[in-house]
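Peer 1: Fold the following and give me the result.
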Amino acid sequence: MKNQRELFKEAAEYFQRDSEKLDLSKTPDPTHQADSALLREIFVKLSRSGAEQAGRLLDFAAKQLRKCTAEQAASLITEGAASVTLRALGLTVPKVSLEAGAKKKLSAERSAIVRRALDVLGSLFLTVDKRKKPSLQGPFLTTSVGLLEWTSAVKLLDRNAGFVGLDEKLESYVYNSVLALLKETEIWDRRKLPERMQMHYVDLAVSAIKLDPFSDTASIAWANLTSLKSSACYFRSSSVTITSECLWHPGSEPLDPALESPRIGAVCMQNAGRIFYERGLLSLGLDKLQHVLQSYSILFGIPRCVLSVLQACCLAAPIKKALLPKLEIVIQTLDSVRDTMIAAFGAFGPFDGPPLRDYIGTTGEEILNEAMCNVSSILDAFLETLDDPATEPKLRRQVLLRSARANGPALCAKVLRDVLTFQAALPDKAAEQQWVPATQRVVRRLWEVQALEFGLKACSNPGCEDKLVEESKGTFQRKIR
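Peer 2: Numbers count the residues shown, from 1 in each chain. I've put the predicted structure just below:
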């Protein structure tokens with residue numbers, strides 16, 4: 001892969017040609033599409049400019065690119081426009097390393113370069129469908145690496161040193177733009193980053209979440225983390241060459257190329273979960289989940305991403321006792337998944353109706369299986385800590401009281417009844433679904449924990465298809481009118 005210096009040199013050579021002097025005082029005509037010749041001239045000037053001119057050139061380019069077609073954007077990317085823009089972005093990197101604790105005020109001139117350069121890159125890369133242009137995969141990857149190197153060079157993650165002159169609005173904009181571009185370029189799928197940049201990418205997303213947990217930028221960051229986690233899943237279904245550059249492959253623990261693909265996938269998934277867990281994403285994710293439960297469909301969008309990251313965390317390390325009170329959130333999530341499933345697919349899920357595909361082309365069955373398996377895995381991890389002898393009885397009772405107030409016993413009864421009905425109505429389909437035994441086991445376990453605490457009973461009739469378990473004490477002793 002060519003480095004930034006080589007690509008910039010090629011781009012500069014491409015753009016070195018005689019051109020008329022640009023008149024930056026002109027306002028682009030909004031009624032016409034972008035002028036390709038004019039854009040090329042802008043990038044000619046940009047490839048030679050210093051910080052004094054770069055901001056104005058980028059501003060003019062950004063205005064032109066708002067009307068840019070996909071073909072025009074692809075052509076400009078191929079010719080090196082993105083590399084020239086990254087070179088301009090590099091003008092904002094401090095030339096002298098600052099001592100710890102020192103702060104450098106970012107000038108208005110360089111603030112403009114940052115904002116406009118990210119505008120230009122967004123206009124270029126968010127316009128093009130890379131799936132239709134395989135030749136652009138190289139520039140996409142190179143730009144992603146360049147963005148990560150830039151955020152590292154300006155010490156974006158260190159608010160106590162280096163490049164800390166961003167005001168809050170610009171700081172949020174930088175996070176939003178960089179993460180959106182990285183998500184679009186799907187850098188995780190290339191597995192070309194050295195380990196240092198892999199970790200920097202994760203830290204960038206985590207920092208954005210901590211900066212404002214409930215912002216749109218944080219939502220993009222959760223999607224980024226889900227994509228990074230998904231790279232580990234790649235190894236489960238593909239034969240790959242294991243190298244030290246594979247995502248989630250720590251250099252200190254070499255993998256044996258002779259290992260079967262699923263085993264490699266399991267190791268990489270464990271590493272992903274451990275990295276997420278160490279950065280506090282379990283607690284952050286549970287708080288985010290509670291916030292979005294009432295606002296989004298739990299099977300789609302951001303809740304789906306949060307669930308995926310939480311599941312990786314729970315596979316990597318046990319739930320800390322301090323987080324046990326958040327079991328209530330997990331129960332509410334299970335209830336939301338069940339309600340959404342019925343609302344979206346009907347009583348028997350997506351199995352007896354027309355196939356459904358969401359906006360990313362995933363079938364209804366895959367969505368439901370993923371959601372139910374993730375919730376079951378998280379719930380199981382909570383129950384492991386709850387049943388741990390080291391958990392104080394007082395804390396255990398407090399947690400179970402909260403779960404009861406969240407209608408835990410009633411939800412268990414509903415889910416167990418749903419599974420039984422599904423198995424009876426569509427036995428072949430039920431036997432194929434990974435979530436059915438997993439959900440049935442963990443929900444039954446949750447009910448048994450609550451039953452032991454509150455004196456609930458299961459129905460003594462082995463063939464019962466109605467009231468399988470008590471939802472409250474004494475249900476089976478009440479007269480039915």
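
Peer 1: hang on, isn't residue 315 packed against residue 269?
Peer 2: Yes: using Cβ atoms under 8 Å, residue 315 is in contact with residue 269, at 6.8 Å. Glycine gets a C-beta too; all of them are placed from N, C-alpha and C.

Peer 1: Please identify which of these two sits among more neighbours.
Peer 2: More crowded of residue 315 and residue 269, by other Cβ atoms under 10 Å: residue 269, with 22 against 19.

Peer 1: Can you classify the more buried one as helix, strand or coil?
Peer 2: The three-state assignment at residue 269 reads helix, by DSSP: H, G, I helix; E, B strand; the rest coil.

Peer 1: Against residue 139, how distant is it?
Peer 2: Using Cβ to Cβ, to the nearest Å, one gets 30 Å for the distance from residue 269 to residue 139.

Peer 1: how near is the residue nearest to residue 136 when sequence neighbours are not counted to residue 140?
Peer 2: For residue 136, ignoring the flanking residues on the chain, the nearest one in space by Cβ to Cβ, 6 or more residues apart in numbering is residue 130 at 5.1 Å. Separation of residue 130 from residue 140 (Cβ to Cβ): 6 Å.

Peer 1: go on, residue 445?
Peer 2: Counting by Cβ to Cβ, the gap from residue 445 to residue 140 is 45 Å.

Peer 1: For the helix or strand harbouring residue 337, name the packing helices and strands.
Peer 2: Counting by DSSP states H and E, the element that carries residue 337 is helix 327-345. Packing partners of helix 327-345 (3 or more Cβ pairs under 8 Å, 6 or more residues apart in numbering; DSSP states H and E): helix 281-292, helix 301-316, helix 364-386, helix 393-405, helix 408-425.

Peer 1: relative to helix 393-405, how tilted is the third one?
Peer 2: Here helix 364-386 runs at 150 degrees with respect to helix 393-405, directions being taken by axes from the mean of the first three to the mean of the last three Cα atoms, to 10 degrees.

Peer 1: Next: the shortest one.
Peer 2: Direction vectors for helix 281-292 and helix 393-405, defined by the same axes, to 10 degrees, enclose an angle of 30 degrees.

Peer 1: burial measure for residue 37, as a count.
Peer 2: Applying other Cβ under 10 Å, we find 10 residues neighbouring residue 37.

Peer 1: Three-state assignment for it, please.
Peer 2: Put simply, residue 37 is helix when judged by three-state DSSP.

Peer 1: For residue 375, give me its contacts.
Peer 2: Residue 375 is in contact with 307, 330, 333-334, 337, 439, counting by Cβ atoms under 8 Å, 6 or more residues apart in numbering.

Peer 1: For it, which non-adjacent residue is closest in space?
Peer 2: residue 334 (5.1 Å).

Peer 1: swap in residue 315?
Peer 2: Residue 315's closest residue in space is residue 273 (Cβ to Cβ, 6+ apart), at 4.8 Å.

Peer 1: contacting residues for that neighbour?
Peer 2: By Cβ under 8 Å, 6+ apart, the contact list for residue 273 reads 229, 312-317.

Peer 1: how does this structure divide up, domain by domain?
Peer 2: Annotated domains of the chain cover 1-94+103-136, 321-477 [automatic domain parsing].

Peer 1: Low-confidence regions, the chain specifically.
Peer 2: Within the chain, the stretches with pLDDT under 70 are 1-33, 94-106, 131, 159-167, 185-195, 230-268, 294-300, 343-364, 460-468, 472-481.

Peer 1: just to revisit the earlier point, neighbour count winner among residue 130 and residue 140?
Peer 2: Taking other Cβ under 10 Å, residue 130 and residue 140 do not tie; residue 140 has more neighbours (21 against 17).

Peer 1: On the three-state scheme, the more buried one is what?
Peer 2: Under three-state DSSP, residue 140 comes out as helix.

Peer 1: measure it to residue 184 for me?
Peer 2: For residue 140, the distance to residue 184 - Cβ to Cβ - is 8 Å.

Peer 1: Ok, residue 90 next?
Peer 2: According to Cβ to Cβ, residue 90 stands 21 Å off from residue 184.
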